[in-house]
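1. predicted model and sequence follow; I will ask about them next.
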Amino acid sequence: MATCTHPILEIEGISLSFGGVNALNAVTFEVASGSITSVIGPNGAGKTSLFNTISGFYKPQAGRIRFLGEDIGHLPPHQRGKLGLARSFQNIALFQGMTVLDNIKLGRHAQLHTGLFAALLYFGKARREEMVLREEIERRIIDFLDIEHIRKAPVAALPYGLQKRVELARALAMQPKVLMLDEPVAGMNREETEDMARFILDVQAEWGVTVLMVEHDMGVVMDISDYIVVLNFGEMIAEGPPEEVQRNPEVIKAYLGSGDFAKLRQRMERYRTPQPGAT
Amino acid sequence: MDWLLLLEVSLAGLGTGGLYALTALAFVMIYKATKVVNLAIGEMLMMGAYFFFAFSAALQLPWWLAMAGAVMGGGLLGAVIERLTIRPLLGKSTLSVFMVTVGLASVFVGVVELVWTADPRALPEFIPRAAVFIGPAFVAPKIFYSFLVAAALIAATLFVLRFWRGGVALRATASDQVAAYAMGINVPRVFSVAWIIAGMIAALAGILVGAIGGISSAMGQFGLSVLVVVIFGGLDSVPGALVGGIVVGLMEALAGTYLGGEYKRLTPFSLLALILIVRPYGLFGTAEIERL
């Protein structure tokens, strides 16, 4: 976290509407390089719309997105991916029918530069690239995420928690500068949640990757985020470090309004007090 | 039972089956990449045949040059169809896209009738005429050589899809377009490449079909049998297209010989009805689970 001060991603006045519905209204914030920044908010607040706008699937009516200082608003999703914006999806979007390793390899697809004719002419180069790729994938990502035992397994056969982990692995294989995670612990049990939270922290610390995530699990959000942005009905109602956001009356009201606040408090308490039996 | 006749009929069926498989491969390629059910595949094939006719008969080019030109024309046609009619409909209902391909089929028939009239024509001879014998069985040389070409082209396509990274991109796109796009795969280009390759394959298939039976503005009907093939094998399955092509080719030949000509068409469509009842997603196709 050496360069926490410099913004790697700048969202400037993004407005997005579908017909008459405003999904996002002049959303503005910065993601500091090397940080873990979370976007929270009640259901329908526009979090996933924001993600889809940043990764290029939605075209905002107004506003600018700057990545590494460059305006990327005109780029299609695959080019944003190549620049170093990787993401996972709320519903698992792995390539079913392929193995774990194939999925991870596809993450590196964008970084490979050997085309068909080059592959036929310079078979050696393609091979070398392939070998380097393999080695790197196997050594770093698979070890890191502890998925050695399922490398050859078809993803469709894996339990939910592991699929989420493979999705993270695939995103990491893109060698991203910013990793966008859409609800990385949704639907996970406590143990899986804690594992995933640890992985996210390690991604930041060991890989130097900036993390931008949408998450409903307040325990995880408050525990690992450096900075939090709160959306409600497409409006940004608060931003700041976790302690500050938790005390913000607007935020409390937003969650009270949706009846989530009591649950939120409860979940935070539960997450923070060590469980009996857990070491 | 005349075993020699059975063998000869089977070999002829196999030959037609190879062409079905080839065209079905073009169909499956488009379906896999873009999820478009392309009813104009038979007409794309016909256009390829007429391109060849134009190059070889009208321009008097040697057959191999005419063939290269027709295949390129087919690829160009695929690219234009994708860019002008399919891509603008991205995200629209499947039915709209489906109807567009029906319309395209009529447009191509119209173009052919305007330019070359509706009269059937013969393609210039370019396939060796010497009779071919496999063991004791006689095989019509045209069928024999087109089967060889079809098999080689299928093998080449499979090889490319397997070992070229574009093939990987195609498979990823087939599996999950949004995820593929986010992974840095240029999905619009995958669409376009799939249509180009399919157009080229269809053109070559058209030349072979035309060389065997002549060309006419009605030869797009070949596409109907191909539809049976892909529904039988599974819309998104390459092995399904190959097996389906052979099975339908064999069935047509056997039914046509042993039950009489009127059964030639009836048999594959009866098979189609049966498949739709028993395995609606085809022999090798992916069973789609739709959540409502």
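-> Perfect, thanks for sending it.
2. contacts, neighbours, all on C-alpha from now
-> Noted.
3. give me the number of residues near the nearest residue to B:Ser146 once chain neighbours are set aside?
-> Spatial nearest neighbour of B:Ser146, chain neighbours left out: B:Leu208 (5.8 Å); criterion: CA to CA, 6 or more residues apart in numbering or on different chains. Counted with other CA atoms under 10 Å in any protein chain shown, the neighbours of B:Leu208 add up to 25.
4. measure B:Leu208 to B:Gly223 for me?
-> If you measure B:Leu208 against B:Gly223 using CA to CA, to the nearest Å, the figure is 14 Å.
5. check B:Leu161 too.
-> On the measure of CA to CA, B:Leu161 and B:Gly223 end up 23 Å apart.
6. between these two, who's got more neighbours?
-> Applying other CA under 10 Å to B:Leu161 and B:Gly223 shows that B:Gly223 carries more neighbours, namely 23 against 16.
7. that one contacts B:Met44, correct?
-> No - in this structure, B:Gly223 is not within contact of B:Met44 by CA atoms under 8 Å, at 9.1 Å.
8. now do the strands in the stretch 101-250 of chain B.
-> Counting by DSSP state E, counting those that start in this stretch, the segments of the stretch 101-250 of chain B that form strands are B:132-134, B:137-139.
9. any residue of the helix or strand A:Lys82 falls within touching chain B?
-> Here A:Lys82 sits within helix A:77-83, counting by DSSP states H and E. Yes - judged by CA under 8 Å from any CA of the partner chain, helix A:77-83 and chain B are in contact via A:77-82.
10. low-confidence ranges in the stretch 151-292 of chain B?
-> For the stretch 151-292 of chain B, the stretches flagged by pLDDT under 70 are B:288-292.
11. give me the residue from it nearest chain A.
-> In the stretch 151-292 of chain B, the residue that lies nearest chain A is B:Gly184 (3.7 Å; CA to the nearest CA).
12. pull the number of nearby residues for that residue.
-> Neighbour count for B:Gly184, taken as other CA under 10 Å: 27.
13. can you check A:Met174 too?
-> A:Met174: 26 surrounding residues under other CA under 10 Å.
14. kindly report the same for A:Lys47.
-> For A:Lys47, the tally of surrounding residues (other CA under 10 Å) stands at 27.
15. shaky segments in chain A?
-> Scanning chain A for pLDDT under 70 picks out A:1-5, A:109-127, A:130-131, A:133-134, A:136-138, A:256-279.
16. show me the helices in it, by range?
-> Shown for chain A, the helices assigned by DSSP state H span residues A:47-54, A:77-83, A:100-107, A:116-121, A:123-136, A:143-145, A:160-173, A:190-207, A:218-224, A:242-247, A:249-257, A:261-272.
17. with adjacent residues omitted, what lies nearest to the residue of the stretch 151-292 of chain B closest to chain A?
-> B:Gly184's closest residue in space is A:His78 (CA to CA, 6+ apart), at 3.7 Å.
18. show me what contacts the one you found?
-> Counting by CA atoms under 8 Å, 6 or more residues apart in numbering or on different chains, A:His78 makes contact with B:181-187.
19. closest residue of chain A to chain B?
-> Residue of chain A nearest chain B, by CA to the nearest CA: A:His78 (3.7 Å).
20. tell me what A:Pro7 is bridged to.
-> Beta-bridge partners recorded for A:Pro7 (DSSP bridges): A:Ala32.
21. can you give me the neighbour number for it?
-> By other CA under 10 Å, 18 other residues sit near A:Pro7.
22. got it, and B:Ala202?
-> Neighbour count of B:Ala202, defined by other CA under 10 Å: 32.
23. do the same with A:Leu145
-> By other CA under 10 Å, 18 other residues sit near A:Leu145.
24. A:Ser49 too?
-> A count of nearby residues for A:Ser49, using other CA under 10 Å, gives 19.
25. skipping adjacent residues, who's closest to it in space?
-> Spatial nearest neighbour of A:Ser49, excluding adjacent residues (CA to CA, 6+ apart): A:Ala23 at 6.9 Å.
26. surely that neighbour touches A:Ile14?
-> No - counting by CA under 8 Å, A:Ala23 sits too far from A:Ile14 to count as a contact (10.1 Å).
27. which residues are in contact with both of the two?
-> With CA under 8 Å, 6+ apart, A:Ala23 and A:Ile14 have no common neighbours.
28. the residue nearest the centre of chain A pairs with what?
-> Closest residue to the average C-alpha location of chain A: A:Leu181 at 1.8 Å, with CA atoms, centre = their mean. Judged by DSSP bridges, the bridge partners of A:Leu181 are A:Met213.
29. so who does the spatially closest residue to A:Gly84 that is not a sequence neighbour touch?
-> Closest residue to A:Gly84 apart from its sequence neighbours, by CA to CA, 6+ apart: A:Pro176 at 4.1 Å. With contact taken as CA under 8 Å, 6+ apart, A:Pro176 is in contact with A:81, A:83-86, A:209.
30. and for B:Thr34?
-> Counting by CA under 8 Å, 6+ apart, B:Thr34 has contacts B:174, B:191.
31. tell me the pLDDT at it?
-> Looking at B:Thr34, its pLDDT stands at 87.
32. just the strands of the stretch 101-250 of chain B: most buried one?
-> strand B:137-139 (a mean of 18; mean count of other CA atoms under 10 Å in any protein chain shown).
33. residues near residue 46, how many?
-> Using chain A here. When neighbours are defined as other CA under 10 Å, A:Gly46 has 24 of them.
34. I was after chain B.
-> As a burial measure, B:Met46 scores 34 neighbours (other CA under 10 Å).
35. one more: B:Leu274?
-> The local packing of B:Leu274 (other CA under 10 Å) involves 13 other residues.
36. again, but for B:Gly75
-> Look at B:Gly75: counted by other CA under 10 Å, it has 26 neighbours.
37. ok, it - contacts?
-> Contacts of B:Gly75 by CA under 8 Å, 6+ apart are B:195-200, B:203.
38. out of those residues, who has the most neighbours?
-> B:Ala203 (37 neighbours).
39. unless I'm mixing things up, that one is touching B:Ala68, no?
-> No - using CA under 8 Å, B:Ala203 is not in contact with B:Ala68, being 9.9 Å away.
40. so which bits of chain B are right by chain A?
-> Contact residues (CA under 8 Å from any CA) of chain B with chain A: B:164-166, B:168, B:172, B:175-176, B:179, B:181-187.
41. which among the residues you listed gets closest to A:Arg139?
-> Nearest to A:Arg139 among the residues of chain B next to chain A, counting by CA to CA, is B:Met183 at 20.8 Å.
42. quick check, that closest one in contact with A:Asn103.
-> No - assessed by CA under 8 Å, B:Met183 is found out of contact with A:Asn103, at 10.3 Å.
43. ok, these two, which is more surrounded?
-> When B:Met183 and A:Asn103 are compared for neighbours, B:Met183 comes out ahead with 32 against 25, by other CA under 10 Å.
44. give me the phi and psi angles of that one.
-> B:Met183 has phi and psi values of phi -80, psi 0 when expressed as degrees, to the nearest 10.
45. got the contact list for it?
-> Contacts for B:Met183 were tallied using CA under 8 Å, 6+ apart; they are A:78, A:81-82, A:86, A:106-107, A:109-110, A:171, A:174.
46. show me where the stretch 1-150 of chain B has its helices.
-> For the stretch 1-150 of chain B, the helices defined by DSSP state H, counting those that start in this stretch occupy B:3-34, B:41-53, B:63-81, B:94-116, B:141-163.
47. dump the residue contacts of A:Glu243.
-> Shown in contact with A:Glu243 (CA under 8 Å, 6+ apart): A:Met222.
48. check the gap between it and A:Val31 for me.
-> A:Glu243 sits 18 Å away from A:Val31, taking CA to CA as the criterion.
49. same check, this time on A:Glu206
-> Using CA to CA, we find A:Glu206 at a distance of 19 Å from A:Val31.
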